[in-house]
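Undergrad: I would like the atomic coordinates for the input below:
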Amino acid sequence: MIYKQKYISISATILLFLPLFLSAQWLETTIAVGSGPLALVYNPTSNKVYCANLWSNNVTVINGATNAVITTVTVGSEPWVLVHNLTNNKVYCANGYDPGSVTVINGATNAVITTITVDEYPWDLAYNAINNKVYCANELSTVTVIDGAADTIITTITVGSLPMALVYNPTNNKVYCARGYYPGNVTVIDGTTNAVITTITVGPQPRALLYNLTDNKIYCANLGGSSVTVIGGAADTVITTIAVGSEPRALAHNSTNNKVYCANNASDNVTVIDGATNAVITTIAVGSEPYALVYNPTNNKIYCANNASDNVTVIDGATNAVITTIAVGNEPCAFTWNPAQNRTYVANYNSSSVSVIRDVTGIEENKTSIIKSNGVGATIFTGPLLLPEGKKCRVFDITGRSVEPDKITRGIYFIEIDGVVTQKVVRVR
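TA: Alright, predicted model coming up:
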């Protein structure tokens, strides 16, 4: 698209900063939260981040744009896990010892809507967007199904002892619940009828589940078996079992390259699995006791929280190379990603904080290289921005964020044409 432009070139001598390309991650800030932050979730409707604090029995609400703490919401005893209901803009918080409850928080006002009593020791939550239901896995033997509109219990499903993880399959409208020790299994629940469809035998101590939308597969990390079981989402049968590192604890899917990442807690590495063939591509050494993973689709990177070395390993999703390691707080244990600001939030369990990692791909001002320009400087314009036809163009603000040309307000911007920064422009009104 071409945008018409009125501009005045800045002449002769002008002080400006030298624009540079950056692809960088850094610790932007650290946010103080409650005691024992254990879970995070992002609310895309209101651009907020929620942090469940295990020992202070509350949830910290963070502004996704400014990183400021908006408020602290009192919930039940020992909040353990969070999920967001996109349909009604609500956040659900499972409280482990009430003896078991789910607190429902209004995503717009941050007020507590209600508290729902469930069975003892709720361990995990999942959201079904098709039927607007929330599922709560209760450690002793059940899954509670909650109506996402009315916030009432629809039914309680008996699945067997020790349900530890849930994941939703939107393609076939099913919920998968990993449970048990020896043997471990996965119970499959119909998202419409709430009936148990089948039970699938997996490895010992299933601890984490992941859904791969690209190939309609479910991955189950078996903590006690050093393996990942791959399940077909249509037939609910085991496709294969993949040997990984010791004590696999977390999974993430790279939708750009169709790879699955498995964090192996006891072997200090991450196994990379081909999502199409199920073959192990490589194993990446990370920090000590990797505990959680998250994928950033904007810049195709995977973040791994290393619980014992108090840092985060950043992995390139295309090459599988380690890009950098970022020091964070004590015992990082959970992630969420904010796509609006391209920030990754990590909860630090033993330092009552959330570290905010900023990821920038673009142009930033180099404040150490102020130069004089003779004749070729910034361009001042007052109307819409003109971009050439037939070229791949991007516009960045001074923080490195990509900006739509028709959404430019007053300020300084850089124009990239076919991968090369060609111009600095200033909109004055």
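
Undergrad: dump the residue contacts of N338.
TA: 42, 47, 49, 64, 344-345 (CB atoms under 8 Å, 6 or more residues apart in numbering). In this view, the C-beta of every residue, glycine as well, is placed from N, C-alpha and C.

Undergrad: ok, now T201?
TA: Counting by CB under 8 Å, 6+ apart, the residues that T201 touches are 183-185, 238.

Undergrad: go on, L293?
TA: So L293 contacts 250-252, 261, 263, 270, 302-305, 335 (CB under 8 Å, 6+ apart).

Undergrad: who does it bridge with?
TA: C304 (DSSP bridges).

Undergrad: picking that back up, quick check, nearest of the contacts of L293 to N106?
TA: F335 (24.0 Å; CB to CB).

Undergrad: Correct me if wrong: the closest one contacts A305.
TA: Yes: shown here, F335 and A305 form a contact pair, counting by CB atoms under 8 Å, at 6.3 Å.

Undergrad: Mutual contacts of the two, please.
TA: 292-293, 346.

Undergrad: pLDDT at I412, what is it?
TA: pLDDT recorded at I412 is 75.

Undergrad: helices or strands next to the helix or strand encompassing it in the packing?
TA: Secondary structure from DSSP states H and E places I412 in strand 411-417. Helices and strands touching strand 411-417, by 3 or more CB pairs under 8 Å, 6 or more residues apart in numbering; DSSP states H and E, are strand 353-374, strand 393-397, strand 420-427.

Undergrad: Mind doing that once more with 6 Å?
TA: For strand 411-417, the elements it packs on are strand 393-397, strand 420-427, judged by 3 or more CB pairs under 6 Å, 6 or more residues apart in numbering; DSSP states H and E.

Undergrad: between F335 and A305, which one's more packed in?
TA: A305 (31 against 25; other CB atoms under 10 Å).

Undergrad: Next, work out how far apart the closest residue in space to the more buried one that isn't next to it in sequence and D397 are.
TA: If the residues on either side of it in the chain are set aside, A305 comes closest to P332, at 3.8 Å by CB to CB, 6 or more residues apart in numbering. Taking CB to CB, to the nearest Å as the measure, P332 falls 30 Å from D397.

Undergrad: for I146, same thing?
TA: 41 Å.

Undergrad: now do G329
TA: G329 is 29 Å from D397, by CB to CB.

Undergrad: Those two: who's more crowded?
TA: More crowded of G329 and D397, by other CB under 10 Å: G329, with 22 against 17.

Undergrad: quick one, what contacts that one?
TA: Residues counted as contacts of G329 (CB atoms under 6 Å, 6 or more residues apart in numbering) are 348, 351, 353, 355.

Undergrad: That one falls within a strand, correct?
TA: No: assigned with DSSP: H, G, I helix; E, B strand; the rest coil, G329 falls outside any strand and is coil.

Undergrad: where's it relative to V134, distance?
TA: 30 Å.
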